[in-house]
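Asks: coordinates only, no sequence provided:
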């Protein structure tokens, strides 16, 4: 069965610092991977998705993620954190069964001034 | 703007009192999903509709039901809410359900409190 693991339930960075949120996947077939962001009391918003095209995927708000098959990873990065980036981030995989998303446990990002 | 709308945003019900949550979409998508998200946890899929075809997840309790009267609307019915059903309920839509190719668009969620 496919799954994702997010390392670190809480990450804290200073404003302007690099953001790195880790996601590792488990899949026996080429996966489709997603990063979503959730602000307090809001729904989920898609940041970016990997669908077996370019391994470096650029998303909204300056985020990007790199698919590394050898490491089974899909880490999310942003060069310079902004206060507005504080939110919960979810990595997700789409398994063979059509349409379903399986989410990781989430990483809460805090940004310090 | 095309979007996914959930009403109400906050719902309070009493233990055992049936409650219905509503989702509507202006995207004209074929697929509509309901997820349950408990505090500090990941969203968990309850079921989805592909057009009129209902697809239940194996571990979704019978207490949860859904209706989709037309393309635009989908309802989540909780027949006898328990304290453990307090959660955020997220509705999502996608154009189709090909593996990974169709982005799911989420509504803002309905936070359910059970007293």
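Replies: Noted; the coordinates are in hand. Everything numeric here is computed off the predicted structure, so don't read it as measured data.
Asks: OK, now which residue of chain A is nearest to chain B?
Replies: Residue nearest to chain B within chain A (Cβ to the nearest Cβ): residue A:32, separated by 2.2 Å. All C-beta spots, glycine's among them, are computed from the backbone N, C-alpha and C.
Asks: ok, that residue - how many residues close by?
Replies: 23 (other Cβ atoms under 10 Å in any protein chain shown).
Asks: repeat for residue A:100
Replies: By other Cβ under 10 Å, the residues close to residue A:100 number 19.
Asks: nearest residue to the middle of chain B?
Replies: In chain B, the C-alpha closest to the average C-alpha coordinate belongs to residue B:34, at a distance of 2.7 Å (Cα atoms, centre = their mean).
Asks: my error: substitute chain A in the last question.
Replies: In chain A, the C-alpha nearest the mean C-alpha coordinate belongs to residue A:35, at 3.6 Å (Cα atoms, centre = their mean).
Asks: what's the following helix or strand after the helix or strand hosting it?
Replies: Element membership for residue A:35 (DSSP states H and E) is strand A:32-38. Downstream of strand A:32-38, the first helix or strand assigned by DSSP H and E is strand A:44-50.
Asks: buried stuff in that next one?
Replies: By 16 or more other Cβ atoms under 10 Å in any protein chain shown, the buried positions in strand A:44-50 come out as A:44, A:46, A:47, A:48, A:49, A:50.
Asks: TSV please, covering these and showing pLDDT and distance to chain B.
Replies: Shown next, in TSV, are those (pLDDT from 0 to 100; distance: Cβ to the nearest Cβ, whole Å):
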residue	pLDDT	distance to chain B
A:44	91	4
A:46	92	6
A:47	95	11
A:48	93	10
A:49	90	7
A:50	88	8
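Asks: what is the nearest of those to residue A:101?
Replies: The shortest gap between residue A:101 and any of these belongs to residue A:44, at 9.3 Å (Cβ to Cβ).
Asks: residues in contact with that closest one?
Replies: Taking Cβ atoms under 8 Å, 6 or more residues apart in numbering or on different chains, we find residue A:44 in contact with A:36, A:37, A:38, A:90, B:43, B:90, B:92, B:106.
Asks: sorry, back to before: what's the angle from the strand holding residue A:35 to strand A:44-50?
Replies: 150 degrees (axes from the mean of the first three to the mean of the last three Cα atoms, to 10 degrees).
Asks: so what touches strand A:32-38?
Replies: Here strand A:32-38 makes contact (Cβ under 8 Å, 6+ apart) with A:4, A:21, A:23, A:25, A:44-52, A:59, A:61, A:63, A:65, A:67, A:74, A:76, A:87-94, A:101, A:103, A:106, B:99-101, B:106.
Asks: if you set the cut-off to 6 Å instead, what comes out?
Replies: Contacts with strand A:32-38, where a contact means Cβ atoms under 6 Å, 6 or more residues apart in numbering or on different chains, come from A:44-51, A:65, A:74, A:76, A:87-94, B:99-100.
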